[in-house]
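> Generate a structure from the sequence data that follows.
(chains A, B and C)
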Amino acid sequence: MTTGFRRYLLRRLGFAVLLVFVVSSASLLLARLAPSDDAFAADRAVIAAERHRLGFDKPLAAQYAEWLTRSVRFDFGESLRFRRPVAALIRERAGRTALLGVTALMLATIVGIPLGVFTGSRSSGPVPSVVHSASVVVLSIPSLVMSLVLLLFAARTGWFPAGGLPSIPADAGIVGSIGAIARYLFLPAVALALPMAAALERLQSRAIQEALADPCILAALARGVPRPRIVWRHAFRLALKTVLAIYGIMIGTALSGSFVVEIVMSWHGLGDLMYQALQARDLYLVAGCAAAGSCGLALGILTSDLALAAADPRVEELG
Amino acid sequence: MIAGTTRAGIVAVSLITIVSAAAPVLGPYEPSRQFADLAFAPPMVPHVLDDEGRWQRPFVYPLHLVDRLEHRFAEDRSTRVALQWFTARRLITTPNAAGPWLLFGADALGRDVFSRVLHGARMSLGVALLATVLALGLGALAGAVAGFAGGAWDTVLMRVSDFLLVLPVIYVVLVLRAAMPLVLTTSQVFWIMTAVLGVAGWPFPAKGVRAVVAVERRKEYAEAAHALGAGRLRILLCHLLPASRSFLTVQGTLLLPAFILAEATLSYVGFGFAEPVPSWGVMLHEAADVATLADAPWLLAPAAAIVACVLSLHLLSARSVPSRGPGQTTSIESAT
Amino acid sequence: MFAIVVAVGAAVFLARRTSNRAPSSVAAPPPSAATPARGGELIASFRSEPPTHNRYVDRSATGDYLALLTHATLVRVNRTTDTLEPWLAESWTESPDHLSFTLHLRPGVVFSDGVPFTSADVVFSFRALYDPRVSSPLASDTLVNGKPLQIEAPDPSTVIVRLPSRFAPGLRLVDGVPILPRHRLELALAQGTFNDAWSATTPLTEIAGLGPFILVEHVSGERLVLARNPHYWRKDQAGTSLPYLDKLTIVVASQASEALKLQAGEIDVMANADIRPDDYAAYKRAADQGRVRLIDGGFALDPSLLWFNLSTAHAADPALRLFHQKAFRQAVSCTVDRQAIANTAYLGAAIPIYGPVTPANRTWFGDVRPACEHDPSRARELFRDAGLTDRNGDGMLEDSAGKPARFSILTQGENIRSRVAAMIQEQLRQAGIAVDIVPMDPGGLLQRFTRGNYEAIYYGIQSSATDPALSAGFWLSSGDYHFWNPEQKSPATDWERRIDELMRRVAEPSDLEERRRVFTEVQRIFVDELPAIYLVTPKVTIAVSTRVLNPQPAPQIPQLLWNADSLAVTPARH
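Next up, the predicted model:
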């Protein structure tokens, strides 16, 4: 690793930390400003007392300062709705979301990228057209509808459970446990992966088309390099840049949780938690979820930027 | 020469534009008209042959309610309701006293889904298209500057875009809504939604454009242009940005459906088109329910409309690439 | 390529055509008449999980359901008959001045950990309830005119409950207070850590109760598992020890997911056991296949209402001036076609109502009708009395200054309420009044309500009390959910003053018939003045698996789990 690259890495890491900090602060502020819905709850005085106990009604500056000092010690406060420390809640949920997100990403990559290369390198013929149309159709269907269709599919066929977290029977072995998890994981992962795969396919396809128009490809052809090698080795590297840029965002969104899929499929992860925090105007939980989400996103973006720099050194000079 | 697919794309897009603009004429009924006793009525296909096999002018058999709670209907084959052309300032409609013609069925309140899809096109497509253009424009600008200038510009712009990506936009919207007056006019909602979606959406294209510009600026044709005395702005606009055109078009086709659906989310926090203005996003959200999917799938008609629009955009933006080997003229051409 | 697209599109369109569905020929099996036997497992579903196991500090609905399963109260309101029945107290006497009740506790009752139950536990429970450090949300439901109850325990098996002033509902006040074990929580209360006791992370072995089940497992976000409480004191009429069930598993599932699971036979009962009209068709199919039984649960207790902003603070606002005229409010009520709303928005599964009390509240429903029920010509006259006529022939009504009549209704963004609001808008438009519907999330809506920053709101809340004296917050002008003008210092109008007086008499302990007569008069005034317009109340259909042998549906949620100790199941699972 060159010193230049190391400096680049350190600087990006620093910015990532700054980003997480800024986003969670902003979320805290916004959640405080957003209207709350306690008017009709059982006892307004009690809720007021509860919010007071947790410090929700202190002057903004004081509350923010206190939250900051506690966050440095990784104490993110207590959730109003769940009555538990925010950090514990997030830890539980983030693991589940990460499992779902990583599985979905793998599925999307395995399906989307090769398909994109395939359709991009062939411009005529029925198969690329079908794949192209299928991607567009998948991209146009809202994820809510997609998740519900999959849920219905599960309910009708009975091959998969209709949503829920994996419940592993007490006596299952390693294989049994993995099998149980896979059964519960499959449909939510598909719901998350399909639009990602379609987006990846479209982007990759366009990028390969562009890359194949580069003069160096003609030169390689003239040298006698076989076509598959041209496509996969030369054009693919050229095409990486745009796809990697978006891939980072995809990693990030997958890690921070899609609340639509999680809620419909009852996969109680980070996205679902964020949604509930939003509804309850649960200040510290919102800030905590935003922090966790931004960590995931920052990680994803950083990964893709680093990969981009590694793949195409011309980008690295930007810093 | 315009390629075949692009020509088809132009036709499709023109068709969609005409249909959206002419919705008050093309839709058989007012989008807010509620037909009593026809909630969740299934689609009615017009016939030209009656039961005896004789040719007739296009007609439909009216639907009668059999069971309200299970929404079961029966066709009344003894009556024929003829479709009237060019009556009451509409292309096709049916007489008031006779039953309605529900090409795409009826929604939960007995409103004609076909008319609502046509009328909803104007608002939903309008917002989504403008927001897409805004997001692409802002993103291209930001990405180009970041990729071209590098250094501090790049850092600031990219970090701002990261921030926007991660921020829960819904909170911003909630706070905004609380500060606004109770009733918003349709045009106010239209422009606010466009602005919110455009500003929330620009980070996606920005990142890609930045990557493209960063690479392209080092290429020989850019250096050649610089050597020939072209100013930085001219190099940026005339030479580097066009290289990202294909990425931008794909990104645009990804953003458009996302914005149509985001419009529905915004409407739940109060930034939506209020009744009775139909919008595709809200119609889809009402339909996105397990019971409805199983028993009234025609309510997903807006999803089909969205697919059609996105496909047309794809066709329009498809560029033909020579099928035998890579073309060599592209980059050299753009250097002058 | 375009051809392929068109072909695919056509195929999709054709595939979407549905034909009329004929019901399956398999009839549902008749409800089993067998006597329930002990044993079996029931799987229920909650839509969210309780955040803590400490009922006294929990505000969530699911915490309430869990308390019904694991704790017991002194007396219980039987939700199907709406009468008070002995529970932990086996009998009681009322003093002649109606200010105190002497309860005799059931002998031989022990907690789930074997420790005997005495009156000291009752005294402790109420001490914790009213402790300001705890500030329990349950406390406010047990106050009379803002003052707490006094609990005395002259001996281990007697409890005296003293009311600060005469109050007709009497012991109904303690129906919602589970009795907690003193030996487990006394220390925490003394040390001031009561609120953190029995939290979600407390080991379950430390929790003890007097209810039919004990919590043995709680996997966060996923499920709760309850087992039979071997020390449960209740027996059925044949002398069998209750509960019948060995095990009760509760899964946490979203509304869409729990409906699918019930239809598929993966779960047996839902906490919110009533089904939406939209889901009826799918449940009917499951019922025809013998997996599910659909029970008629009567009507809903708490319908949504459309109320106008009549608050004193904003009385001078010209935009709201129209609402203060009784003729206008009556005209709106007269224009609305309630039967059409019931038929369309609720698919026929609702009936028109005109006041806050519905037929589900059998004891107190007064069946008072307004003078005008869906009469457009009478509505036109009433609008004219309010100063609105069509002055320029455009079909819309204007006031004397020529300003068109227009107001906004704030309502919830998704949900059947927005459908009803759209129908009201259309019906009023035909009568000449323009209405703007403003959809909003509950948070924004309620904020505008608290600030008085709205014109009309269409919304509703759930309350499970049937006795109107327990809903003083709604009826009294000083109440905090007297929606149209909450928390008035003194009654702003004559009719509200009259209702305040009458409600004071309803709260007086006297003969039930007399109380009902007075309350019917209250309803009559309400239906005449119409500060809020009631439209329809939905019919309640309850779905439950055919495995469950003796469901007893109640109007309030949880419709079936409220007496889980008497639920039994067939051994086989579908």
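
> remind me which residues of the stretch 151-300 of chain B are low pLDDT?
Scanning the stretch 151-300 of chain B with the threshold set as pLDDT under 70 gives B:268.

> Of all the residues in the stretch 351-500 of chain C, which one is nearest chain A?
Using CB to the nearest CB, the closest approach of the stretch 351-500 of chain C to chain A is made by residue C:447 at 3.3 Å. Placement of C-beta: from N, CA and C, glycine included.

> Helix or strand next in line after the helix or strand where that residue lies, which one?
Using DSSP states H and E, residue C:447 sits within helix C:442-451. The helix or strand immediately downstream of helix C:442-451 is strand C:456-459, counting by DSSP H and E.

> Output that next one as PDB, restricted to C-alpha atoms.
Extracted in PDB, the C-alpha atoms of strand C:456-459 (Å, rounded to 0.1, in the frame of the first residue of the first chain):
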ATOM      1  CA  ALA C 456     -62.700  19.200  11.500                       C
ATOM      2  CA  ILE C 457     -61.100  15.900  12.200                       C
ATOM      3  CA  TYR C 458     -62.300  12.400  11.400                       C
ATOM      4  CA  TYR C 459     -60.700   9.900  13.800                       C
END
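
> Indicate whether the helix or strand following it makes contact with chain A.
Going down the chain from strand C:456-459, the next helix or strand is helix C:472-475, by DSSP H and E. No: on the criterion CB under 8 Å from any CB of the partner chain, helix C:472-475 is out of touch with chain A, staying 10.1 Å away.

> Can you list the helices and strands that the helix or strand following helix C:472-475 packs against?
For helix C:472-475, the succeeding helix or strand toward the C-terminus, using DSSP H and E, is helix C:494-506. Here helix C:494-506 touches helix C:472-475, helix C:512-529, going by 3 or more CB pairs under 8 Å, 6 or more residues apart in numbering or on different chains; DSSP states H and E.

> Pick the most deeply packed of the ones you listed.
Highest mean neighbour count among these (mean count of other CB atoms under 10 Å in any protein chain shown): helix C:472-475, with a mean of 19.

> what's that one packed up against?
Counting by 3+ CB pairs under 8 Å, 6+ apart, helix C:472-475 packs on helix C:494-506.

> in the helix holding residue C:447, what's buried?
Neighbour counts using 16 or more other CB atoms under 10 Å in any protein chain shown place C:442, C:443, C:444, C:445, C:446, C:447, C:448, C:449, C:450 of helix C:442-451 among the buried residues.

> filter those by proximity to chain B?
Answer for these near chain B (CB under 8 Å from any CB): C:443, C:444, C:447, C:448.

> on that earlier part again, and of the helices and strands packed on helix C:494-506, who's closest to residue B:119?
Nearest to residue B:119, of all the helices and strands packed on helix C:494-506, is helix C:512-529, at 39.3 Å by CB to CB.

> and the next element down the chain from that closest one?
Downstream of helix C:512-529, the next assigned helix or strand under DSSP H and E is strand C:532-534.

> which other helices and strands contact that following strand?
Partner elements for strand C:532-534 (3+ CB pairs under 8 Å, 6+ apart): strand C:305-308, helix C:326-335.

> Keeping just the C-alphas, turn the shortest one into PDB.
Think strand C:305-308. Listed in PDB are the C-alpha atoms of strand C:305-308, where the atom choice follows Å, rounded to 0.1, in the frame of the first residue of the first chain:
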ATOM      1  CA  LEU C 305     -66.300  10.300  14.700                       C
ATOM      2  CA  LEU C 306     -66.200  13.500  12.700                       C
ATOM      3  CA  TRP C 307     -65.900  16.400  15.100                       C
ATOM      4  CA  PHE C 308     -65.700  20.100  14.500                       C
END
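
> Each with direction, which strands does that strand pair with?
strand C:456-459 (antiparallel), strand C:532-534 (antiparallel) (DSSP bridges).

> which residues of chain B fall in strands?
B:47-49, B:55-60, B:63-67, B:72-75, B:81-82, B:84-87, B:90-93 (DSSP state E).

> so how far is the helix holding residue C:447 off the chain centroid?
The chain centroid and the centroid of helix C:442-451 are separated by 21 Å under CA atoms, centre = their mean, to the nearest Å.
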